[in-house]
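[1] Need a 3D model of the following:
(one chain, ligands or ions: 1)
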Amino acid sequence: ARTAAVIPAAGRGVRLGPGAPKALRALSGTPMLIHAVRALAASRAVSLVVVVAPPDGAAEVRSLLDAYALPERTDFLVVPGGQTRQESVKLGLDVLPSGHDIVLVHDAARPLVPVDTVDAVIEAVRDGAPAVVPALPLADTVKQVEPARAPGEPEPVVATPERALLRAVQTPQGFDRATLVRAHETVTGEVTDDAGMVEQLGLTVVAVPGHEEAFKVTRPLDLVLAEAVLARRRL
Ligand code: C5P
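    Below is the predicted model:
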């Protein structure tokens, strides 16, 4: 089965501070999105990459893809995104040609995911899982709180889930295409990842080992870390 990757890259990146849309900001001189595209296209299984651009930035993203060297065996499509990540992913799924039975969804904000992680996710879908997430154990203990009634007020802790059973999930998340399309057609309400929508269909999502370098670039310190990782790779 052929694999396509959808890369939602339409977010503003407000938490990163003022500037261009997050995916277009440079990491060691190259836009974050280009790093992410290369990371996915590095997998020999991935024959198509769909980039979901900022709503007014599709032309700019298209010229970026044309300006950087990318694998010849991979096809690239660019579509404008939406107001939420979920909407952006749906707009990407809508343009997938037939023949790609496995779909990866990968945040542009995770530019450094190693190809071995990408391949492990694809492999688990090939082995029959309808949805696969790369996941890591947590370093921190997690508390569930009652949200504060007013900003700055202390928040009462209501539960402490057993840390050993918790995982932080990353992308690319991998899917049987028909399952993901059905999830996007039927699940409504807030979700923070695509696999969560498949869970809501009542299907079992499986986790495979994630990777430290697949971290999400969210805050300014993450840019420092990402450039340090790139510098170490070039040694
Ligand atoms: O904001 P956050 O880091 O959770 O975004 C995760 C990914 O979803 C990013 O790659 C971002 O560009 C993308 N996104 C999108 N469309 C939106 C919001 C976020 O494609 N409307």
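[2] Do you know the pLDDT at the residue of the chain most remote from its centre?
    Ranked by distance from the centre of the chain (Cα atoms, centre = their mean), the top residue is Glu153, with 33.4 Å. As predicted, Glu153 sits at a pLDDT of 93.
[3] before we move on, what about Gly189?
    85.
[4] Does at least one residue of the strand or helix carrying Lys90 sit close to the ligand?
    Applying DSSP states H and E as the criterion places Lys90 in helix 85-94. Yes - interface with the ligand: helix 85-94 contributes Arg85, Ser88 (Cβ under 6 Å from any ligand atom). From N, CA and C alone the C-beta is placed, and that goes for glycine too.
[5] top helix in this protein by residue count?
    If you go by DSSP state H, the chain has its longest helix at helix 220-234.
[6] Would you pull up how far that one lies from the middle of the chain?
    Computed by Cα atoms, centre = their mean, to the nearest Å, the chain-centroid distance of helix 220-234 equals 18 Å.
[7] avg pLDDT for it?
    On average, helix 220-234 scores 96.
[8] and it, what does it pack onto?
    strand 26-27 (3 or more Cβ pairs under 8 Å, 6 or more residues apart in numbering; DSSP states H and E).
[9] Any idea how far the strand it packs on is from the middle of the chain?
    17 Å.
[10] what residues does that strand touch?
    Residues outside strand 26-27 that contact it (Cβ atoms under 8 Å, 6 or more residues apart in numbering) are Met32, His35, Pro111, Val217, Leu223, Ala226, Glu227, Leu230.
[11] what ranges do the helices span in this protein?
    So, for the chain - with DSSP H - the helices run 32-41, 58-67, 85-94, 115-126, 177-186, 194-200, 220-234.
[12] if you compare these, which one is most tucked away?
    Here the criterion is mean neighbour count by mean count of other Cβ atoms under 10 Å, and of those the winner is helix 32-41, at a mean of 24.
[13] Show residues contacting it.
    Identification of contacts with helix 32-41 by Cβ under 8 Å, 6+ apart yields 5, 7, 9, 22-27, 46, 49, 51, 61, 64-65, 68, 70-71, 74, 76, 104, 106-115, 118, 172, 217, 226.
[14] Stretch 59-73: end-to-end distance?
    22 Å (Cα to Cα, to the nearest Å).
[15] Sorry, slip of the keys, the one I care about is stretch 146-158.
    Length of stretch 146-158, first residue to last, Cα to Cα: 7 Å.
[16] chain center to it: distance?
    With Cα atoms, centre = their mean, you get 30 Å for stretch 146-158.
[17] same thing with stretch 74-86?
    Distance of stretch 74-86 from the chain centroid (Cα atoms, centre = their mean) equals 12 Å.
[18] what's the span of it, first residue to last?
    With Cα to Cα, one end of stretch 74-86 sits 25 Å from the other.
[19] Other residues contacting it?
    Contacts for stretch 74-86 (Cβ under 8 Å, 6+ apart): 8-11, 37, 41, 46-58, 61-62, 65, 70, 87-88, 90-92, 94-95, 184, 191-192, 197.
[20] Now that stretch: buried residues?
    Thr74, Phe76, Leu77, Val78, Val79, Pro80, Gly81, Gly82, Arg85, Gln86 (16 or more other Cβ atoms under 10 Å).
[21] Let me know how buried the nearest residue to Pro154 once chain neighbours are set aside is, in neighbour terms.
    Among residues not flanking Pro154 along the chain, Ala148 sits closest, at 6.9 Å (Cβ to Cβ, 6 or more residues apart in numbering). By other Cβ atoms under 10 Å, 11 other residues sit near Ala148.
[22] before we move on, back to that, with distance to Ala178 added, can I get the contacts of strand 26-27 in JSON lines?
    Below are these laid out as JSON lines (distance: Cβ to Cβ, whole Å):
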{"residue": "Met32", "distance to Ala178": "31"}
{"residue": "His35", "distance to Ala178": "30"}
{"residue": "Pro111", "distance to Ala178": "29"}
{"residue": "Val217", "distance to Ala178": "31"}
{"residue": "Leu223", "distance to Ala178": "38"}
{"residue": "Ala226", "distance to Ala178": "35"}
{"residue": "Glu227", "distance to Ala178": "40"}
{"residue": "Leu230", "distance to Ala178": "37"}
